[in-house]
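[1] need coordinates for the below:
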Amino acid sequence: MPDQAHAPDPRATHATDPREVPRRRIEAVLFDFHGTLAQVEDAREWVLAAATTCGVTLERMRATVLADRLLTAGRAGGPLPHRVPPRLAEVWSDRDLYPHAHRAAYTGLAATVDAGIDGLADALYERVLSPEGWVPYPDTAPTLAALRAAGVKVAVVSNIGFDLRPLFDAWGLTDLVDAFVLSYEVGRCKPDPGIFLRACGMVGVDSERALMVGDTPADAGAVGAGCAVLVLPPAEVGRPNGLGAVLDLALDDRPAGTER
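    Predicted coordinates for the structure are as follows:
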C-alpha cells in the first residue's frame, strides 16, 4: 500500500533564497532633524556664545559648570529636563505645536538656573534658533545630494516649535529638500502616523514607497503610516552618524544578495 501523502506542516520553516525576498522601491526619504541631520553645538560653547551676547565673558570652567546645570534643567535639542516645574507644564506639553510655547518652555527652564547674567535665558534660546547653534553631520550634505541626483524625494520631518528653513538656507542645503514637515505647522507630532502621511503627501509619494530615517522611537512611528524605517544612533558633534546606509537602501533597487 503506497504511503499516504502528508499535507505540509504550516509550522515548518523553509530556507528562502535571499534573492527572492521582495525589496520595496524607495521613492522618498523622510529625515528627522535633530540627531539625524544635525546636532546642537557643544553645550559649553553654547553657554559661552550666549553669555557673550549678553556682554559677559565667562571663564571656561564656569561655563562648563553652568552648561551642566542648564542641560539638567532642559535644553532645546538636548536631553529631556530632569524636572518640569508645574508652572511650565502646559507650555512644555505644547512646545512642539506652538512657537510661543516652545520659547516659553525652554526660556522658562533655563531661567530656573541662577546664572547671575541678565538676559541669558533668552540669549540661550536665540542661539538655538541660529545656524551657528547647530552642526550638520559631515555625511548630511553628501547624502542629500546623492538622493537629489537619483531623483529620490526628500522631506525633513521634525517635532519642533520653530522654523528650520533659515538653518538649511545658511548651510546651503535648502535646494536638496523637497518639503519641510514641522510639527508646529502641521499640528501633529511624531509618532502620530498623520505627520508621516502628511510628509508623503507633500512630496507626492505613497507611504509604502517612503523610508523614514531617525534616531528615536518616535521616528519609528512611521511604521504605522506604512513607511519603512531606519533608526540610527545619534553621533557626537562633527562625527559621521551612518547616513550612508540610507543610500544603500534607497538607491539599490536590485534584490538583496545580488552583486553590485
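[2] got a list of what the nearest residue to D68 once chain neighbours are set aside touches?
    Nearest residue to D68 in three dimensions, chain neighbours excluded: A43, at 7.6 Å (C-beta to C-beta, 6 or more residues apart in numbering). C-betas here are computed from N, CA, C, even on glycine. Neighbour list for A43: A67, D68, L70, L71, R75, G78 [criterion: C-beta atoms under 8 Å, 6 or more residues apart in numbering].
[3] measure A43 to V246 for me?
    28 Å (C-beta to C-beta, to the nearest Å).
[4] quick check: domain ranges of the chain?
    As assigned by automatic domain parsing, the chain contains the domains 28-37+137-251, 41-132.
[5] tell me how far the ends of the longest one are from each other?
    Domain 28-37+137-251 has an end-to-end distance of 11 Å (C-alpha to C-alpha, to the nearest Å).
[6] for the remainder of this discussion, apply numbering that starts at 47.
    Renumbered: residue one is now 47, and that last one reads domain 74-83+183-297.
[7] got a list of what the nearest residue to E73 once chain neighbours are set aside touches?
    Nearest residue to E73, sequence neighbours excluded (C-beta to C-beta, 6+ apart): R255, at 4.2 Å. R255 sits next to R70, R71, I72, E73, A74 when contact means C-beta under 8 Å, 6+ apart.
[8] ok, now E231?
    Contacts of E231 by C-beta under 8 Å, 6+ apart: none found.
[9] run the chain-centre distance for the helix or strand where it lies.
    Element membership of E231, judged by DSSP states H and E, is helix 229-232. Remark: helix 229-232 is offset 15 Å from the chain centroid, using C-alpha atoms, centre = their mean, to the nearest Å.
[10] where does the closest residue to R106 other than its chain neighbours land in three-state SS?
    Computed as C-beta to C-beta, 6+ apart, the closest residue to R106 that is not its neighbour in sequence is R90, at 6.9 Å. Classification of R90 using DSSP: H, G, I helix; E, B strand; the rest coil returns helix.
[11] I'd assumed L76 was in a strand, is it?
    Yes: per three-state DSSP, L76 lies within a strand segment.
[12] what stretches of the stretch 47-196 of the chain score poorly on pLDDT?
    47-69 (pLDDT under 70).
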